[in-house]
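Visitor: My questions concern the predicted model and sequence given below.
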Amino acid sequence: MTTDSNMSHELRDKVRTGYAAIARQNDNAAAAVDAIQGCCGVSSCCSAETDATAFAEQIGYDGAELSAIPEGANMGLSCGNPTAIAQLKPGEVVLDLGSGGGFDCFIAGPKVGASGRVIGVDMTPEMLNKARKNLAKYRDSSGLDNVEFRLGEIEHLPVADDSVDVVISNCVINLAPDKRQVWREIARVLKPGGRVAVSDLALLKPLPESVRADVEALVGCIAGAVLVKETESHARDAGLANLKLETNSTYIETMTSAQDPLYQKIITALPQGTGPADFITQLSVSAQRPE
């Protein structure tokens, strides 16, 4: 008999394996592609640096910020810009859940400055290695030494209680088997008055089971997504307040119009007359731990 715990381990292993493959493919210049494909997915979205930059600008990143980060940190795995939602300030301590190659950490670093700190947590060693290799380039270009990366699962963060001013995350919480526990961890590590800024994928209505059972869709941040109201419930139950949730169809429409292979596959599994944007949405979540 398969227990919930065993299922969680299996799902986590599938995600770790998928993102390890993305990290390896992104390091291989011969594997770079010339078009957006499989964003957040096992085919390694936006492996070509120019495509990753263009895609990031489409979903809300500033071109000047993008040009300043280390080459290779942006792998096109974003579905929004949590650093913009967070309105980061100098001196703040920022925690990035599922930091990947360090993309949002390197965006956040200059915003918090030399008196601030950015901590990236990722459970995939290959992603962590990639991020740490990028650190030297970041230090050289920015003149800052305020970013670090730690190995860990976002359900069990390697971060002390009441130690973080802002938690950010970009298209990652949907991958966690126990999302309720992730939100409890967010509340635990935040200082009183600390803020949350999350960009994620969520559901407007349940997906067909054929899509939810697909491993590629799971690693592609879709099959693991939950309803918007569930995300709101998880955050409230964790004790967070001043919740603001905003849905946006731009990301989904971009992926669909770009003929992304994963989204094209999903279309074939959806009821006739419907499309991905009828079920899936980009979701921005902001919240605060009460003082």
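Guide: Here it is on my side, so go on. Residues are numbered from 1 along each chain as shown.
Visitor: Which strand runs longest in the protein?
Guide: strand 190-203 (DSSP state E).
Visitor: Return the distance of it from the chain's centre.
Guide: Taking C-alpha atoms, centre = their mean, to the nearest Å, one finds strand 190-203 lying 12 Å from the centre of the chain it belongs to.
Visitor: And the helices in this protein?
Guide: Counting by DSSP state H, the segments of the chain that form helices are 4-27, 49-58, 63-68, 82-86, 103-112, 125-142, 179-189, 209-212, 215-219, 228-237, 250-257, 261-269.
Visitor: mind checking which of those is nearest residue 199?
Guide: Each of the helices of the chain has some distance to residue 199 by C-beta to C-beta; the shortest is helix 82-86, at 4.7 Å. C-beta: built from backbone N, CA, C; applies to glycine.
Visitor: From the contact counts, what lies against that closest one?
Guide: helix 103-112, strand 164-170, strand 190-203, strand 280-288 (3 or more C-beta pairs under 8 Å, 6 or more residues apart in numbering; DSSP states H and E).
Visitor: Tabulate those (JSON lines), appending mean neighbour count, distance to residue 254 and mean pLDDT.
Guide: Shown next, in JSON lines, are the helices and strands packed on helix 82-86 (neighbours: other C-beta atoms under 10 Å; distance: least, C-beta to C-beta, whole Å; pLDDT from 0 to 100):
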{"stretch": "helix 103-112", "mean neighbour count": "26", "distance to residue 254": "18", "mean pLDDT": "97"}
{"stretch": "strand 164-170", "mean neighbour count": "26", "distance to residue 254": "15", "mean pLDDT": "97"}
{"stretch": "strand 190-203", "mean neighbour count": "22", "distance to residue 254": "13", "mean pLDDT": "96"}
{"stretch": "strand 280-288", "mean neighbour count": "23", "distance to residue 254": "10", "mean pLDDT": "95"}
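Visitor: Quick one, which of these gets closest to residue 241.
Guide: strand 280-288 (5.6 Å).
Visitor: how many neighbours does the spatially closest residue to residue 137 that is not a sequence neighbour have?
Guide: With C-beta to C-beta, 6 or more residues apart in numbering as the criterion, residue 137 has its nearest non-adjacent residue at 3.8 Å, and that residue is residue 70. When counting by other C-beta atoms under 10 Å, one arrives at 22 neighbours for residue 70.
Visitor: What of residue 224?
Guide: Neighbour tally, residue 224, other C-beta under 10 Å: 21.
Visitor: Tell me the predicted confidence for it.
Guide: At residue 224, the predicted lDDT confidence score is 79.
Visitor: How about it, nearest residue that isn't a chain neighbour?
Guide: What sits nearest to residue 224 in space, not counting adjacent residues and going by C-beta to C-beta, 6+ apart, is residue 174, at 4.7 Å.
Visitor: circling back to that earlier point, quick one, which of the helices of the chain gets closest to residue 200.
Guide: Nearest to residue 200, of all the helices of the chain, is helix 228-237, at 7.3 Å by C-beta to C-beta.
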